[in-house]
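K.L.:
Fold the following and give me the result.
(chains A and B)
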Amino acid sequence: MNGTQVFLVAPVKTAVWRFLGLMGIALALAMARRMDLIELGEERRAMGMLIGVMVVVMGNLLPKMRPLQTPGRSPAQASSAERLAGWVLVLAGIVYLALFLFAPLDRAQSIASLIGIGALLLIALRWASLARVAWVGWAKSAAETAGTNRRAKEQRKVVTALLLAFFYLVATACLSFLFKHQAWFHDLAAWILVGFCFIFAVFSNDWCERSPP
Amino acid sequence: MSMIFKALSDDTRRRVLELLRRGPMTAGELAEQFNVSKPTMSAHFAVLREAGLVVSEKQGKSVVYALQLSVLEDALLAFARAFGWQWQGGAKSISKRSSRETER
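P.N.:
Numbers count the residues shown, from 1 in each chain, chains lettered A, B, ... in the order given. A predicted model of the protein is given here:
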């Protein structure tokens, strides 16, 4: 095979396939609604449940994918931040799912969305504090790690893309449940997309291969 | 899933996982914490690796182990620790494996 082939470990492969599978179901639901096979309320409830399942599944697998284990970062701190994110997502996902299963739809949409956004903000704050430390560490360890672990770097890129797609989806879905009828929602959705694209561009850059100053 | 139950059923392996919560450790550092022979310890590491609960990486002459638990596995570990979980097949397979390694 060629040199660009990406080797994925089992947890990452599982996460990619499960994410794609759930996205496929979401697309099928949207198509069923377009073809008037299901009511708007049913589609919304099913979509909410699906997002809840996705949050639980991805949250469960997140610590196994070890997205924060990069050179220059304390492995114990990274591991603790990954575990926190996993637990927060699994618990938030279970509540999300339960709300869409049992609560009235309008209430489920608003409460579940607030829980989803709260969970994402908590994870973002914890990871941002680690990223600040790692920014310096990356540069320091660049020389010793450059070119030594190509597979790990390729894998980190896949995990980064997968997690950003997942976080983008959850953030957009939560905001859509809350503000879909506001005139400015489409602008907000566009800016969220721009923001995630920017984050992806920053994180997919191969910092490890940069020469230290 | 049975591999995970088997891995979590043994007290030594659960203690290895607890030690790895502090961060990655070499096989030697981990073995120092236990009063068991090296072949037995290697067999424990192999069970944990096969269950996908730890990852190992060779660094120079030593093998470094790091934790790789999903949230569900983390919860199962906490449950096993709290209730002193035992699995019948575990001890038997470990003793078989370690005797095989000693023979070598």
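
K.L.:
C-alpha from now on. contacts and neighbour counts both.
P.N.:
Will do.

K.L.:
just the strands in chain B please.
P.N.:
B:25-26, B:54-59, B:62-67 (DSSP state E).

K.L.:
What are the contacting residues of the first one?
P.N.:
Contact with strand B:25-26 is made by B:Ser62, B:Val63, B:Val64, B:Tyr65, B:Ala66, as judged by CA atoms under 8 Å, 6 or more residues apart in numbering or on different chains.

K.L.:
one step back: would you list the strands of chain B in a markdown table and tack on mean neighbour count and mean pLDDT?
P.N.:
Below are those laid out as a markdown table (neighbours: other CA atoms under 10 Å in any protein chain shown; pLDDT from 0 to 100):
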| stretch | mean neighbour count | mean pLDDT |
| --- | --- | --- |
| strand B:25-26 | 18 | 91 |
| strand B:54-59 | 15 | 87 |
| strand B:62-67 | 20 | 90 |
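
K.L.:
Among those, single out whichever gets nearest to A:Gln109.
P.N.:
Among the strands of chain B, the nearest to A:Gln109 by CA to CA is strand B:62-67 (36.5 Å).

K.L.:
From the contact counts, what lies against that closest one?
P.N.:
helix B:11-20, strand B:25-26, helix B:27-32, strand B:54-59 (3 or more CA pairs under 8 Å, 6 or more residues apart in numbering or on different chains; DSSP states H and E).

K.L.:
what's the angle between that strand and strand B:54-59?
P.N.:
150 degrees (axes from the mean of the first three to the mean of the last three CA atoms, to 10 degrees).

K.L.:
In a markdown table, list the strands of chain B along with distance to A:Leu125.
P.N.:
What follows is these, written out as a markdown table (distance: least, CA to CA, whole Å):
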| stretch | distance to A:Leu125 |
| --- | --- |
| strand B:25-26 | 28 |
| strand B:54-59 | 27 |
| strand B:62-67 | 23 |
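
K.L.:
Out of these, which is closest to A:Arg126?
P.N.:
Short answer: strand B:62-67, nearest of those by CA to CA, at 19.8 Å.

K.L.:
Up against chain B, what does chain A have?
P.N.:
Residues of chain A lying close to chain B by CA under 8 Å from any CA of the partner chain are A:59-66, A:75-76, A:79, A:83, A:86-87, A:90.

K.L.:
Repeat the analysis, applying 6 Å as the threshold.
P.N.:
With CA under 6 Å from any CA of the partner chain as the criterion, chain A meets chain B at residues A:Asn60, A:Leu61, A:Pro63, A:Lys64, A:Pro75, A:Ala76.

K.L.:
Out of those, list just those in helices.
P.N.:
Members of these lying in helices (criterion: DSSP state H): A:Asn60, A:Leu61, A:Pro63, A:Lys64, A:Pro75, A:Ala76.

K.L.:
Next to chain A, which bits of chain B? Give me the list.
P.N.:
Taking CA under 6 Å from any CA, the part of chain B that reaches chain A is made up of B:Arg22, B:Gly23, B:Gln68, B:Leu69, B:Ser70, B:Val71.

K.L.:
can you tell me which of the helices and strands packed on strand B:62-67 comes nearest to A:Met35?
P.N.:
Of all these, strand B:54-59 sits nearest to A:Met35, with 47.5 Å by CA to CA.

K.L.:
Return the distance of that closest one from the chain's centre.
P.N.:
13 Å (CA atoms, centre = their mean, to the nearest Å).
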